[in-house]
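Enquirer: Quick one, what's the 3D model for this:
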Amino acid sequence: MRSSREPLDTRRNILGAAQRIMSGKGFSAVGLNEILSTAEVPKGSFYHYFESKDALGEALLTDYFDDYLTDMDRTLNMPGQSAAQRLMNYWLQWVRTQQSFECQGKCLAVKLGAEVSDLSESMRQALKTGTAEIVGRLAVTIEAGVADGSLAIEGRADETAQNLYQLWLGASVMAKIVRDAQPFEAALQMTRRTLHLPAG
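Expert: Numbers count the residues shown, from 1 in each chain. A predicted model of the protein is given here:
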């Protein structure tokens, strides 16, 4: 029974180690030896699971977005709340996750987005697909907010969702630069204005 689980466990160990390390150091600065040493996997076994470091990066991002979207769905589908409340809970959760400056693997899209998009087409596509899924979920919830009367927008829901997501990505980058929560506070204020919600 153990042997049937071993390949999956080994692959998961490699991906888990890569996510923890790369969320702190980035993609280019991390070598396979460091990842495999942390995962306690022999170097010779790596290519049984991944064709290259880029393939590892693509799988890492795909798994990251799968987990992220599962958490996002849980937040945005919380029963007993208006769509506006669910959206604001999502943004507040974003702040809690990013504000510690010690993301522990939770800020991979922010950490790797600009770096790997110029290095690897397959990783860029994984980022594009994952972020499009996020924006799509935001758009659906914004539309629900317009329908239930808990928020209002100017223009289309998909455009609003795209603009807000880009706002928050920028706030996350700026928060890393200034080491301060002010960019998130500004993003929250702009989000409330965009959705015509009372100031927090």
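
Enquirer: can you list contacts of the helix or strand of the chain with the lowest mean pLDDT?
Expert: For the chain, counting by mean pLDDT, DSSP states H and E, helix 2-25 ranks last in confidence among helices and strands (a mean of 77). Applying CB atoms under 8 Å, 6 or more residues apart in numbering, the contact partners of helix 2-25 are 30, 34-36, 38-41, 45-46, 48-50, 56-57, 59-60, 63-64, 103-108, 111-112. In this view, the C-beta of every residue, glycine as well, is placed from N, C-alpha and C.

Enquirer: are any of the residues you listed buried, and which?
Expert: Buried positions within the contacts of helix 2-25, assessed by neighbour count (16 or more other CB atoms under 10 Å), are 30, 35-36, 38-39, 41, 46, 49-50, 56-57, 59-60, 63-64, 103, 105-108, 111-112.

Enquirer: what packs against the top helix by length along the chain?
Expert: In the chain, with assignment by DSSP state H, the single longest helix is helix 121-148. In terms of contacts (3 or more CB pairs under 8 Å, 6 or more residues apart in numbering; DSSP states H and E), helix 121-148 is packed against helix 53-76, helix 83-99, helix 108-117, helix 157-178.

Enquirer: Keeping just the C-alphas, turn the least confident helix or strand of the chain into PDB.
Expert: Coordinates of each C-alpha in helix 2-25 appear next as PDB, following Å, rounded to 0.1, in the frame of the first residue of the first chain:
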ATOM      1  CA  ARG A   2       2.900   2.400   0.800                       C
ATOM      2  CA  SER A   3       4.400   2.000  -2.600                       C
ATOM      3  CA  SER A   4       1.200   3.000  -4.400                       C
ATOM      4  CA  ARG A   5       1.200   6.300  -2.400                       C
ATOM      5  CA  GLU A   6       4.900   7.100  -2.600                       C
ATOM      6  CA  PRO A   7       5.000   8.800  -6.100                       C
ATOM      7  CA  LEU A   8       2.200  11.100  -5.100                       C
ATOM      8  CA  ASP A   9       3.700  11.900  -1.700                       C
ATOM      9  CA  THR A  10       7.100  12.500  -3.200                       C
ATOM     10  CA  ARG A  11       5.700  14.900  -5.900                       C
ATOM     11  CA  ARG A  12       3.700  16.700  -3.100                       C
ATOM     12  CA  ASN A  13       6.900  17.000  -1.000                       C
ATOM     13  CA  ILE A  14       8.800  18.600  -3.800                       C
ATOM     14  CA  LEU A  15       6.000  21.000  -4.600                       C
ATOM     15  CA  GLY A  16       5.600  21.900  -0.900                       C
ATOM     16  CA  ALA A  17       9.200  22.600  -0.500                       C
ATOM     17  CA  ALA A  18       9.400  24.600  -3.700                       C
ATOM     18  CA  GLN A  19       6.400  26.800  -2.600                       C
ATOM     19  CA  ARG A  20       7.800  27.500   0.800                       C
ATOM     20  CA  ILE A  21      11.200  28.500  -0.500                       C
ATOM     21  CA  MET A  22      10.200  30.300  -3.600                       C
ATOM     22  CA  SER A  23       7.600  32.400  -1.800                       C
ATOM     23  CA  GLY A  24      10.500  33.900   0.100                       C
ATOM     24  CA  LYS A  25      13.400  33.900  -2.400                       C
END
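
Enquirer: Nice, that's everything, thank you.
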